[in-house]
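Participant: here's a sequence, model it:
(2 chains)
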Amino acid sequence: MNLTNETAVRVVFYEGADSHPSPPSDVFLAMQSLLTRGFGVTRVTGLGVPPVTTDSRHLVMGRFGDTLPAHAQDTTGCPLRFQEVSGLDANQVVAVAEAFRDEGGPRPAAVWKPWFPVIDYDRCTNCMQCLSFCLFGVYGVDGEKRIEVQNQDNCKTNCPACSRVCPEAAIMFPKYKAGPINGDVVSDSDLNREKMKIDISALLGGDVYSLLRTRSERAKSRFSKERDSDKALLERQKCLTKLAALAGDIPPEVLMSLPSPEEIARRAEQASAKAQAALAGQPT
Amino acid sequence: MNSSRIVFCHCTYAQVVPAEVKEGVLRQLCQSGVAFDAVADLCELSARRDQMLKDIANGGPVRIAACFPRAIKWLFASAGATLPLDTTEVLNMRVQSIDEVTGGLSRDTLQPNLPAGKVTATDHPVSLPTDTSP
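Facilitator: Reported below is the predicted structural model:
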């Protein structure tokens, strides 16, 4: 899901000059409902530091009484829409906000859980293991041959596998359940803990990629006409079961969406070549 | 009254922040009468490289009620927004109580706690608020 092209909408609860304050309980219920539906909400009062100004479309809600202006522009030129909220409950506030948001165009129907790797560059050594490991093309290198997350949309929701191959625990998934993958402080024991690392090479008793290549070549040269797709599928499932048992937290649907052994080998070669090229370009 | 902005993350798209904590913090923020920004989900803003993250990072001292400081630092960075180490404090609703978070948000002095460099548990600064004076 590409989120970068969506027009942001921001709801402002205005309780400054020329308005009457709302009961805090009403503000809380309305804000909670709006946040749950994905809106950003700013509360403006006479107390504290004014919130940041953004280039969003703003819906300004408040108890304005007779002073309610219909439309205006903020200091950045972004349009403002004013809405009287006296007498509206939280559901009605949300309905008004959703109608305002819909004026900006249709939104994707599905709610995307923002799940993608976040690199801690204080820890990252640019070893490219994540790039070599990920079969879904999430990682790439920037113009300075530094590892970066390039295709976060390709990441498989709830799958933290790449963080487990990182020798420095530099890959975070902030919505993961436990540390240090969730961003908690990295302890020395984390770096040594066996479960931090999936030794994917060991899964099939050695280098998984070369083994897959060997199997593929052997199968081709041997009796290509006898290749049994059921048997191949069974073998793949066996490997995936092993991986799931070792990792423990890789969703079954992610494992089952992995490509065929041949495709894994092809992608692994591609990723490895990309990583090698990036490493070769690094200053020594 | 402190002189830093307040940003509250509702972590809408996951259940990793205890519901009672984020609800309690939001409720107390609303009761305090203070101005603040609330975002549905900082991860989502980072994913869309939302301009708001840069505005927050460039907007002066800020206290962010969200999750782990290390995660927040790099979520902003991955969106091209660099949070200043010396003027950013992150309150962690995943591990801190409602009182600890709201105490930190209302404290007079800001206690910057973003990790600087490759810290480990042994040299990580204690981030829990110690001064809860109004």
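
Participant: can you show me the strands along chain A?
Facilitator: For chain A, the strands defined by DSSP state E cover A:9-14, A:40-44, A:57-62, A:71-73, A:79-84, A:118-119, A:139-141, A:147-149, A:171-172.

Participant: so who does A:Thr36 touch?
Facilitator: B:10, B:12, B:40 (CB atoms under 8 Å, 6 or more residues apart in numbering or on different chains). Where C-beta positions appear, they are placed from N, C-alpha and C, glycine not excepted.

Participant: adding distance to chain A, pLDDT and secondary structure, write those out as a markdown table.
Facilitator: Formatted as a markdown table, the contacts of A:Thr36 follow (distance: CB to the nearest CB, whole Å; pLDDT from 0 to 100; DSSP: H, G, I helix; E, B strand; the rest coil):
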| residue | distance to chain A | pLDDT | secondary structure |
| --- | --- | --- | --- |
| B:His10 | 4 | 97 | coil |
| B:Thr12 | 6 | 93 | coil |
| B:Ala40 | 5 | 95 | coil |
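
Participant: just name the most buried of the strands of chain A.
Facilitator: The highest mean neighbour count among the strands of chain A, using mean count of other CB atoms under 10 Å in any protein chain shown, belongs to strand A:171-172: a mean of 27.

Participant: paired strands for it, with orientation please.
Facilitator: Neighbouring strands of strand A:171-172 in its sheet, by DSSP bridges, are strand A:118-119 (antiparallel).

Participant: what does the partner strand contact?
Facilitator: In contact with strand A:118-119 (CB under 8 Å, 6+ apart) are residues A:147-149, A:170-174, A:183, B:46, B:71, B:74-75, B:78.

Participant: if we only consider those residues, which is nearest to A:Gly62?
Facilitator: Checking these against A:Gly62 by CB to CB gives B:Ser46 as the nearest, at 29.8 Å.

Participant: quick check: the closest one vs chain A, distance?
Facilitator: Look at B:Ser46 and chain A: by CB to the nearest CB, to the nearest Å, they are 7 Å apart.

Participant: that residue and B:Leu53 touch, don't they?
Facilitator: Yes - proximity of B:Ser46 to B:Leu53 meets the contact threshold set by CB atoms under 8 Å, at 6.6 Å.

Participant: mind listing the shared neighbours of those two?
Facilitator: Common neighbours of B:Ser46 and B:Leu53 (CB under 8 Å, 6+ apart) are B:76, B:79.

Participant: what residue in chain B comes nearest to chain A?
Facilitator: Residue nearest to chain A within chain B (CB to the nearest CB): B:Ala71, separated by 2.7 Å.

Participant: so what's B:Leu75 up against?
Facilitator: Contacts of B:Leu75 by CB under 8 Å, 6+ apart are A:118, A:174, B:42-43, B:46.

Participant: redo those residues as a markdown table? Include pLDDT.
Facilitator: Output for these, formatted as a markdown table (pLDDT from 0 to 100):
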| residue | pLDDT |
| --- | --- |
| A:Val118 | 98 |
| A:Pro174 | 97 |
| B:Leu42 | 97 |
| B:Cys43 | 96 |
| B:Ser46 | 96 |
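
Participant: the residues you listed: which two are farthest apart?
Facilitator: Among the contacts of B:Leu75, A:Val118 and B:Leu42 lie farthest apart (CB to CB), at 10.7 Å.

Participant: quick check: closest non-adjacent residue to B:Ile6.
Facilitator: B:Phe36 (3.9 Å; CB to CB, 6 or more residues apart in numbering or on different chains).

Participant: the one you found and A:Thr45, how far apart?
Facilitator: Between B:Phe36 and A:Thr45 the computed distance is 9 Å (CB to CB, to the nearest Å).

Participant: between the two, which is the more surrounded one?
Facilitator: Neighbours were tallied for B:Phe36 and for A:Thr45 using other CB atoms under 10 Å in any protein chain shown; the higher tally belongs to B:Phe36 (26 against 18).

Participant: these two touch, right, A:Gly16 and A:Arg43?
Facilitator: No - A:Gly16 lies out of contact with A:Arg43 (CB under 8 Å); the separation is 10.1 Å.

Participant: got a pLDDT number for B:Ser3?
Facilitator: pLDDT recorded at B:Ser3 is 82.

Participant: go on, A:Val254?
Facilitator: Per-residue confidence (pLDDT) for A:Val254: 69.

Participant: rewinding a little: by neighbour count, which of the contacts of A:Thr36 wins?
Facilitator: B:His10 (27 neighbours).

Participant: dump the residue contacts of that residue.
Facilitator: Contacts of B:His10 by CB under 8 Å, 6+ apart are A:32, A:35-36, B:22, B:26, B:38-41.

Participant: in chain B, which helix is the longest?
Facilitator: With residue count as the measure and DSSP state H as the assignment, chain B has helix B:19-32 as its longest helix.

Participant: so who does A:Phe136 touch?
Facilitator: A:151, A:154-156.

Participant: please redo it, this time with the cut-off set to 6 Å
Facilitator: Applying CB atoms under 6 Å, 6 or more residues apart in numbering or on different chains to A:Phe136 gives the contacts A:Asn154.

Participant: over to B:Gly117?
Facilitator: Contacts of B:Gly117 (CB under 6 Å, 6+ apart): A:Asp122.

Participant: which element, helix or strand, includes it?
Facilitator: Following DSSP states H and E, there is no helix or strand that holds B:Gly117.

Participant: phi, psi of it?
Facilitator: phi 80, psi -170 (degrees, to the nearest 10).

Participant: all the strands of chain B, residue numbers only.
Facilitator: Under DSSP E, chain B gives strands at B:5-9, B:36-39, B:62-66, B:88-92.

Participant: buried ones in stretch B:90-107?
Facilitator: B:90-96, B:98, B:100-107 (16 or more other CB atoms under 10 Å in any protein chain shown).

Participant: equivalent analysis for stretch A:13-27, please.
Facilitator: Buried, per 16+ other CB under 10 Å, within stretch A:13-27: A:13-15, A:19, A:22, A:24, A:26-27.

Participant: hmm, back to that, can you flag the buried ones in the contacts of B:His10?
Facilitator: The buried subset of these (16+ other CB under 10 Å) comprises A:32, A:35, B:22, B:26, B:38-41.

Participant: distance to B:Ala66 added to these, as a markdown table?
Facilitator: Output for the buried ones among the contacts of B:His10, formatted as a markdown table (distance: CB to CB, whole Å):
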| residue | distance to B:Ala66 |
| --- | --- |
| A:Gln32 | 16 |
| A:Leu35 | 13 |
| B:Lys22 | 9 |
| B:Leu26 | 12 |
| B:Ala38 | 11 |
| B:Val39 | 9 |
| B:Ala40 | 12 |
| B:Asp41 | 10 |
